[in-house]
Each structure stands twice: as structure tokens, then as C-alpha cells.
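A.B. asks: Structure here, sequence nowhere to be found:
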């Protein structure tokens, strides 16, 4: 394999990994604070793509307006799902909440079929992002470079929010102990809702970039990315934001390189994520970053 | 207080359920209604990856039902069952049509895999099925109850191999196929066989690479292929994935012509692929530019009037599948599925919208293929290839 070909594969892998990372953060944040796997996260991601699609295609908004509206509506949807499916079960056993999460996921999938129809739609692409540029012999979409940069920027804004603001402090407190946080005057319910909102905002950013990179949307498209990003979160150490990002990159680059290096295994590309999950669970159940940093949000 | 409200709500819901039942009863298969309605099942992917294909065939069957709503003096009703683009769901959807809805015959499905999944059910329950566009040979092979009104993949593979060899001057080809789709795997194989025979070169196929239904990133497969410098890439598979493949190839700077099979002819292929799928060539069943029979004229006129666009080939085939079943019921003079099956098997020189239909001993139609290309965002007719006798 020549160097330029390797670089081409690597840029594709980093770009895919960044998208996985953005969605994985949503899983990890909710887990950190509630010890709950939010199975509906993949569906919130899927919904964000439809919001952006309808913003541009039906309401004829310019793309930047549509994308901002999408982020806001997706954030609201995430908080609504939390209110409807999880808040009422706050004191129930964890298994009940998990079943509710799976229910919310199926509900959103089928709601999307009813509302948007089962036929795939073409996501509106934005010329300035999808133009092809050449760097040396490496040919790529501008978007391929924008995605990792956007991911890093979002990651740092999130870390700032978690570590430097009062809301972030409340989130860290709630993730350690609900009761004590409540005694200290933290509004636990509000903090949890905000966590879902932030997770959904990241899912919306991930969704919009995903849609421009792979411009095809349909109601069941959240399932596979959802599963893979959950795996990414586990690989990195669920509950840890850095871990989710690292897990996302490992998964994205790993998938691309698997196909690049071992072409005969291309059909098993999805299996790669699951095999990796099993290996991690056997060797290091807490994930790569699981122990190093105890802070969990 | 709370309890009584709960009770009230439950009561209201039960009434709603009961009301729903009684509403459905006239169409739900009561003993009295079976006599005046003949039910034909439409077995198609309405949701999931292949939904657009299924929708096109349903349009055809519904149009035919609208134009020819009666047989033997009874009303014909279409019962649409969604196989959800999934082979497991396909088997249960077919079982539901046969056992619960008591259909006398079944139309469908788009996607050979789903038809094959339903094969055992229609054979064991002795209800005839007529596939509109399922081209894999295994759909009808060893199954007396499965028929089809389209050509088969060995023919389609040969047509595209000839096109690549003669029209594009290709000598080396790479294949990228949807590996969990029986249709794509079969078509890739028949193409490979035909192309190797044409070139006389056992290594004419440089590489066969795979992807799964629902995949969205194909960059690494495409880069691998492009390293081998093929003249043409043959990419049989679902329309959405195929459109994304061609799009991503262009983004990676790969400038090799793509050719494919009949599944590409859906509006979504162009919507998703946009300017990148320009020049993509594929084989299909029918073109509205060359009407074949008087039935084609009726079909085209009515379709354009109702939908205001040009019909896809599979829509014409969905229309034909309905007509073939209706004709068989007429000749059988009965709604007994086994008698209908016998009459379908005898279909000879039947003028369908997408050509004359004569079913051979396997229950397959022998028909010509049409080659189309994407030009200015539309499917444009290139050529008709007659079947090999």
C-alpha cells in the first residue's frame, strides 16, 4: 500500500471515527449520570436528520437556519424523551428503565415510519461542504476535514461546560450521588434533563454531518450507528467523555483499515465492532479509560 | 377516585377496540363476505431499505386493480402486506396473507430474497404467487406455486456483460456486490461467468468486493478496487447503497464507469446520487419510450394521468402480475387457489403492459431486456436486447 493510499484511508477513518465519537458522547454522558444506556439515542440521531431534511426541503429554509433549528428541536426532543420515558421511572429498578428505553427507541422508529414514510430520502447537501478538494494525491470532500475539527471543537466546549461551569459541577455531582447532590441543593431532575439535552445536541451535530457525508436517510438508519456508537462508548470506558471519543476513533479507523488491509473480510465489517466489544469486555471490562479518570459525566 | 378513572379509561379503550373490530369485519374475512370479494395479496417491502422498489410495484398493482376491479362478477380487493425489507419478516408477512387474510393469490415481491423466503409458505399452503421483478432463478426453481413475469438473472448478467464488452470496450472488470442479497450475489455470478466467457480470460474479473445492506461508507472498498484499474465497475445491489457507492467513487476521484442491474430504476437512485450517477448504465424490463402491446398504451396513459410521471419498469411488471392472476381466475372460473395455479401455469401469449408473457415449465417469462442510462437526471432508453433462444 502506497503512502498516499494509506493517507486516503486514514482521513476517511478519522472522519468516520469523529462521527462515531460525537454520538458516543451522548451515550456516555447519560450513562455517567443515570447509569442508564439510552437506547433511544440512535433514534434521536435519526430524527435530527429528518428535521434538517424537512427544514430545507419543505420549509425552504437556508441550510444554516435549518441546521440551527434542527439542533434546537433535537435538543427538545431529547429532553422530551427523558421526561416521558425515564423521569417517571426514576425510582424504579434499573431493568424497568432499560425496557422503557428500548420501548422509546422502537416508538421513535415507528413514529418516523408513520410521519416520514418508509422510503429513503435524499439529504440536502451543501455545496461548500461537499466540494471535492485534492491535497497532493489525496482526494476528499471538504467535509472530511471539517468533521474532525468540528468534533474536537464540540468536545472542548463540552469539557469546558462540564468542568468549568455551575451546570457542569451539578452534573458531576449528580453523577457521583443523586441523594447527596439533592441535599446540597442541586436540582437533580433539571440536571438530568440538561444532560439529555446536551447529548441530543451532539447527536444533532453528528446527524447533520453524517447526512451530508452519506446523503440518504430512512427511519431505521439510527439502529446501526446507535449500536456502534454504544460499542465505542464501552470500548473507551462508558461514563468517560474522553473514552467515548477515543472509542469512536478506534472504531472508525479500525473499520476502514480492516477493509483496506484485508479486502476479503469486507462483508464482516459490521462484525468488527462487535468482536472488538467482546475482546474489550474480556480483557478490560471497564474500557480503555475506565479507571484512569474517575470523573464520570 | 383514581381507580374508577382507570377503570373508565380501560372500558373506553375496550370499546374502541371492539369498534375497530366490528369496523373491520366486512373486509376481515367473515363467512358472508367471502362470497363477493376476491382477495389478492400484495407482498412487498413498504418500509426499510427496499421501500422505494416495493412502492413502485404496489403502484402498478393498484392501477391494474383500479382499471380491472372485477372478475367472475366479484370485486377484487388488494391486501397489502409489508415484508419490511427483511427475510424473516417476509416469511411471516406471506404466512399472514395466506392464513389470516385468505388470499387466493399473491403478487410480489420486489427483491428476490423476500420471494425466496416466502417460497416454502406458498408451496405448502398451495397458494400461487406471481413475482413482478424477482429475477433470481431460485425463486421459481422447484416451486410449482411461484411464477414470475420478468426475465431471469442469467440473461440479465449476460446482457450487461455484453454491454460492458462490446459497447464500453471493457476487458477488465471489478465487481462490488451487496453480499447479503441473493439477487446481487446471483447477478454478480452470472455476470462474471458471461464476461469471462466473452473475453476468454479467466482473470477478466479483477476483484469481487462486498458490502452489506444499510452500509453507508464504501470508501475503502472503492479505493481497493481503483488500485486495480478496472475498465468498468459492475455494482449489482440496492438502489440507495448503489447511489452512495457511485457518489463516493466520484468524491474519491475514481473516474470509472459504473453499470448495474434492474434494481437501480427508482427515483431515489437519482435523488441520492444527483449529478454523480450521470452516465450510470443498467438493464431493466421495460421502457415507456417503446410501448410493446396495446396493454402498454392503456397502462402508460392511465399511469401518466394518475401519477403525472413516467412509470418505472417494475411498476409495469406489478401491473402485469395482477393481470396474469386475474386472467387465470377468469379462465379457472373459480377462486380455488390450486385451480388458479394451474391456469397461471398455462399462461401463453398474454399481452401485458411490459410485453407478451408466456410462462415456461419453470414458471418463468422469457422476455427481452432494456438498457437504460442516467442522463440529465432521468432514465433514458438506450437499447433493447432480445432473449437468447
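C.D. replies: Now that the structure is in, tell me what you want to look at. Note that this is a predicted model, so its numbers are computed, not measured. Residues are numbered from 1 along each chain as shown, chains lettered A, B, ... in the order given.
A.B. asks: which one is residue A:201 nearest to, not counting chain neighbours?
C.D. replies: Leaving aside its chain neighbours, residue A:201 sits nearest to residue A:75 (4.9 Å; criterion: C-beta to C-beta, 6 or more residues apart in numbering or on different chains). All C-beta spots, glycine's among them, are computed from the backbone N, C-alpha and C.
A.B. asks: what about the residue of the stretch 101-250 of chain A found nearest chain B, which SS state?
C.D. replies: In the stretch 101-250 of chain A, no residue comes nearer to chain B than residue A:118, which is 3.2 Å away by C-beta to the nearest C-beta. At residue A:118 the chain is in coil, as set by DSSP: H, G, I helix; E, B strand; the rest coil.
A.B. asks: about what we covered before: who touches the residue nearest to residue A:201 in this structure?
C.D. replies: A:197, A:198, A:200, A:201, A:204 (C-beta atoms under 8 Å, 6 or more residues apart in numbering or on different chains).
A.B. asks: from memory the last one sits against residue A:66, does it?
C.D. replies: Think residue A:204. No - Residue A:204 is beyond contact range of residue A:66, at 11.4 Å (criterion: C-beta atoms under 8 Å).
A.B. asks: So these two - more neighbours on which side?
C.D. replies: residue A:204 (29 against 23; other C-beta atoms under 10 Å in any protein chain shown).
A.B. asks: show me the contacts for that one.
C.D. replies: By C-beta under 8 Å, 6+ apart, residue A:204 lies in contact with A:44, A:45, A:48, A:51, A:70, A:71, A:74, A:75.
A.B. asks: Just the ones of those residues in strands?
C.D. replies: Nothing among the contacts of residue A:204 maps onto strands, per DSSP state E.
A.B. asks: Next, the contact list for the residue of the stretch 101-250 of chain A closest to chain B, please.
C.D. replies: By C-beta under 8 Å, 6+ apart, the contact list for residue A:118 reads A:218, A:219, B:46, B:47, B:48, B:51.
A.B. asks: can you tell me which of the residues you listed lies nearest to residue A:85?
C.D. replies: The closest of the contacts of residue A:118 to residue A:85 turns out to be residue A:219 (C-beta to C-beta; 18.4 Å).
A.B. asks: Not counting its neighbours along the chain, what's nearest that closest one?
C.D. replies: residue A:112 (3.7 Å).
A.B. asks: pLDDT score for the closest residue to residue A:121 other than its chain neighbours?
C.D. replies: Nearest residue to residue A:121, sequence neighbours excluded (C-beta to C-beta, 6+ apart): residue A:217, at 5.2 Å. Looking at residue A:217, its pLDDT reads 91.
A.B. asks: Counting neighbours, what do you get for residue A:217?
C.D. replies: Based on other C-beta under 10 Å, the number of other residues close to residue A:217 is 24.
A.B. asks: Just the ones in helices from the contacts of residue A:204, please.
C.D. replies: A:44, A:45, A:48, A:51, A:70, A:71, A:74, A:75 (DSSP state H).
A.B. asks: of those residues, closest to chain B?
C.D. replies: residue A:45 (12.9 Å).
A.B. asks: Now do the contacts for that closest one.
C.D. replies: Counting by C-beta under 8 Å, 6+ apart, residue A:45 touches A:23, A:26, A:203, A:204, A:206, A:207, A:210, A:222, A:225, A:226.
A.B. asks: and with 7 Å instead?
C.D. replies: Residues near residue A:45 by C-beta atoms under 7 Å, 6 or more residues apart in numbering or on different chains: A:23, A:203, A:206, A:207, A:222, A:225, A:226.
A.B. asks: I'd like these laid out as a markdown table, including secondary structure, neighbour count and pLDDT.
C.D. replies: Listed next are the contacts of residue A:45 as a markdown table, based on DSSP: H, G, I helix; E, B strand; the rest coil; neighbours: other C-beta atoms under 10 Å in any protein chain shown; pLDDT from 0 to 100:
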| residue | secondary structure | neighbour count | pLDDT |
| --- | --- | --- | --- |
| A:23 | helix | 29 | 93 |
| A:203 | helix | 34 | 94 |
| A:206 | helix | 29 | 93 |
| A:207 | helix | 32 | 94 |
| A:222 | coil | 28 | 92 |
| A:225 | helix | 24 | 91 |
| A:226 | helix | 24 | 92 |
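A.B. asks: Which one of the residues you listed is nearest to residue B:42?
C.D. replies: Closest to residue B:42, out of all of the contacts of residue A:45 and judged by C-beta to C-beta, is residue A:222, at 28.3 Å.
A.B. asks: could the contacts of residue A:204 go into CSV alongside pLDDT?
C.D. replies: Converted to CSV, the contacts of residue A:204 look like this (pLDDT from 0 to 100):
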residue, pLDDT
A:44, 96
A:45, 95
A:48, 96
A:51, 95
A:70, 95
A:71, 96
A:74, 96
A:75, 96
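A.B. asks: Out of the residues you listed, give me the one that has the most neighbours.
C.D. replies: In terms of neighbours by other C-beta under 10 Å, the contacts of residue A:204 top out with residue A:48 at 30 neighbours.
A.B. asks: ok, now which ones touch that residue?
C.D. replies: Residue A:48 sits in contact with A:70, A:74, A:203, A:204, A:207, A:208, where contact means C-beta under 7 Å, 6+ apart.
A.B. asks: same question, residue B:113
C.D. replies: B:87, B:181, B:182, B:183.
A.B. asks: any idea how chain B splits into domains?
C.D. replies: With automatic domain parsing as the criterion, the domains of chain B are listed as B:37-151+B:291-358, B:154-284+B:371-385.
A.B. asks: With mean pLDDT added, can I get those domains in CSV?
C.D. replies: Shown next, in CSV, are the domains of chain B (pLDDT from 0 to 100):
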stretch, mean pLDDT
domain B:37-151+B:291-358, 92
domain B:154-284+B:371-385, 92
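A.B. asks: Buried residues in the helix or strand hosting residue A:256, which are they?
C.D. replies: Using DSSP states H and E, residue A:256 maps to helix A:241-261. Within helix A:241-261, the residues that count as buried by 16 or more other C-beta atoms under 10 Å in any protein chain shown are A:241-260.
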